[in-house]
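Colleague: here is my input, please return the structure:
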Amino acid sequence: MTVQIISAPGHPMLVSLDDSVPAYGLWALVVVNSLVFIIFAFSFTRPKTPRDWRSLGAFSAFIVALFTEMYGFPLTIFSTSVSYLLCSDSCSNGRPS
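Modeller: Alright, predicted model coming up:
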């Protein structure tokens, strides 16, 4: 990994990392972090009734969605790619594609 130190007058030093390390697609990190948080929550709640299990399930779904968004496949990339694909056919302004 290459690190560049950028110094600007009057500003603190900025560190710029290169793009060799991906910012998404870290699915192992999604699984590990989700399991840690869900097991931590389970250890405190000890669900007994169906309502307790439903609450833990809702919390688990939120945690999985949160870490998927953070480390897996960001929703902004997904929605941008889908809108680009939808718009590429209909938004060509009469030009052949």
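
Colleague: buried residues of the helix or strand where residue 28 lies, list them for me.
Modeller: Secondary structure from DSSP states H and E places residue 28 in helix 27-45. Buried positions in helix 27-45, judged by neighbour count with 16 or more other CB atoms under 10 Å: 30, 33-34, 37-38. Just so you know, the C-beta spots here come from the backbone N, C-alpha and C atoms, and that holds for glycine as well.

Colleague: same question for stretch 53-71.
Modeller: Using 16+ other CB under 10 Å as the test for burial, stretch 53-71 gives 56, 60, 63-64, 67-68, 71.

Colleague: picking that back up, next secondary structure element downstream of the helix holding residue 28?
Modeller: From helix 27-45, the next helix or strand downstream (DSSP H and E) is helix 50-67.

Colleague: give me the mean pLDDT for that next one.
Modeller: Taken as a whole, helix 50-67 has an average pLDDT of 94.

Colleague: residue 37 and residue 78: what is the separation?
Modeller: As judged by CB to CB, to the nearest Å, residue 37 and residue 78 stand 23 Å apart.

Colleague: kindly apply the preceding question to residue 30 instead.
Modeller: Distance of residue 30 to residue 78, given as CB to CB: 15 Å.

Colleague: residue 64 too?
Modeller: According to CB to CB, residue 64 and residue 78 sit 16 Å apart.

Colleague: as a whole number, average confidence for the helix holding residue 28?
Modeller: For helix 27-45, mean pLDDT is 93.

Colleague: need the residues that contact it.
Modeller: Here helix 27-45 makes contact (CB atoms under 8 Å, 6 or more residues apart in numbering) with 52, 55-56, 59-60, 63-64, 67-68, 70-72.

Colleague: again, 10 Å this time
Modeller: By CB atoms under 10 Å, 6 or more residues apart in numbering, the surrounding residues in contact with helix 27-45 are 26, 47, 52-53, 55-57, 59-60, 62-73.
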